[in-house]
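In: Sequence and predicted structure are below.
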Amino acid sequence: MPTIWREAAVNIELRSNKFEMTAIARQNRAPIRMQMPDVGDEKGRELNEQTLSMRLERVAAHVPAGARLADIGSDHGYLPVALLRRGAIEMAVAGEVAMTPYRAAERTVSENDLQPWISVRLADGLAAIEAGDRITAISLCGMGGETIRDILKAGKARLSGEQRLVLQPNGGEQPLRLWLMSNGYRVVCEEVLRENRFDYEIIVAEFAGTVSYTPQELYFGPLLLQARNAVFLAKWQRRLGQKQRTLNSLRQASKPVPEDKVQDLAQQVRWITEMLA
Ligand code: SAM
């Protein structure tokens, strides 16, 4: 039986061109803070199920044709609705843990008369997936990498090993890749993109049995590290500057900072510097 977080409290605030959503689930969990810069795009277009953000458009490109998709954390349901409208997938489940986005997804589905093909379910993570759905692809997008990892971990029993995972973490890519590797998932495709001044990564993974990545591959992404394209290099150039500034201020802090924190950051700065050299 799916665990339903009926008590999830969601506060949505409109700040300039982006929503910041804080979902506080009253299940002993820390508040989940998510950034949603998808209200409009750089060209001022309204984003919806017909006009996806570039980020969701790139996610859509990794969903196999004819898939039976579970879009977990679907919010407004734009991704599954857009894919069905285009005839790109066979059916979808749109899973949502919070009532307001769940209702928004229901509305998008009904306004597009897609109820026979898209089931909107109020459920925590992969609990939205039922055995009879015969899901072949799972998308988890626009959440922190640790949240995506925790959802996969908690719902592992619902992962058949046959489904392609299309993941778009907002940060926390390293712990997410670590979970994928530890659970036998190979990264089969990776992308980095920049939209509305945010850097996004898309990680596509499939079950492969035994997988092994170096610490640097887990940090940068094994395929991104190999390809080193211009968007990737520009992202890490910016990150290097930010991390160097943080490291300097930690080293000059008047109050003592935990040494492991400083060492961890110093190692990241070393890795990025070496990678960009
Ligand atoms: N996936 C959409 C996208 O990428 O545009 C929406 C992203 S929105 C920032 C994240 C959504 O994930 C929120 O609507 C939130 O309620 C939902 N969410 C967070 N944790 C979840 C969980 N454990 N199960 C299902 N949905 C979850």
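Out: Great, that's in hand.
In: For residue 219, see how far away residue 72 is.
Out: Distance, residue 72 to residue 219, by Cβ to Cβ, to the nearest Å: 25 Å. No exception for glycine: its C-beta is placed from N, CA and C like everyone else's.
In: Disregarding residues adjacent in the polypeptide, which is nearest to residue 133?
Out: residue 93 (5.7 Å; Cβ to Cβ, 6 or more residues apart in numbering).
In: separation between that neighbour and residue 220?
Out: Distance from residue 93 to residue 220, counting by Cβ to Cβ: 32 Å.
In: ditto for residue 72
Out: Distance from residue 72 to residue 220, by Cβ to Cβ: 26 Å.
In: Output the lowest mean pLDDT helix or strand found in this structure.
Out: In the chain, no helix or strand scores lower on mean pLDDT, DSSP states H and E than strand 9-15, which sits at a mean of 28.
In: Quick one: low-confidence residue ranges for the stretch 51-200 of the chain.
Out: For the stretch 51-200 of the chain, no stretch is flagged by pLDDT under 70.
In: distance of residue 209 from residue 94?
Out: Distance from residue 209 to residue 94, counting by Cβ to Cβ: 31 Å.
In: Kindly report the same for residue 103.
Out: Look at residue 103 and residue 94: by Cβ to Cβ, they are 12 Å apart.
In: what about these two, which has more around it?
Out: In this view residue 103 and residue 94 are compared by other Cβ atoms under 10 Å, and residue 94 has more residues nearby, 31 against 14.
In: how about the strands of the stretch 151-277 of the chain, start to end?
Out: Taking DSSP state E, counting those that start in this stretch as the criterion, the stretch 151-277 of the chain carries its strands at 164-169, 185-195, 198-207.
In: out of the ones you listed, which comes closest to residue 275?
Out: strand 185-195 (13.3 Å; Cβ to Cβ).
In: For that closest one, which strands pair with it and how are they oriented?
Out: strand 198-207 (antiparallel) (DSSP bridges).
In: is the partner strand anywhere near the ligand?
Out: No. Legend: contact between strand 198-207 and the ligand by Cβ under 6 Å from any ligand atom is lacking; minimum distance shown is 9.5 Å.
In: Please parse this protein into its domains.
Out: Following the assignment in automatic domain parsing, the chain carries domains at 9-224, 231-276.
In: winner for burial among those domains?
Out: Greatest average neighbour count among the domains of the chain goes to domain 9-224 (a mean of 18), per mean count of other Cβ atoms under 10 Å.
In: Give me the distance between residue 175 and residue 227.
Out: 22 Å.
In: And the lengthiest helix in the chain, what does it pack against?
Out: Assignment by DSSP state H gives helix 230-251 as the longest helix of the chain. Judged by 3 or more Cβ pairs under 8 Å, 6 or more residues apart in numbering; DSSP states H and E, the packing partners of helix 230-251 are strand 185-195, helix 259-276.
In: Switch these over to JSON lines; also include distance to residue 57.
Out: Below are the helices and strands packed on helix 230-251 laid out as JSON lines (distance: least, Cβ to Cβ, whole Å):
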{"stretch": "strand 185-195", "distance to residue 57": "9"}
{"stretch": "helix 259-276", "distance to residue 57": "28"}
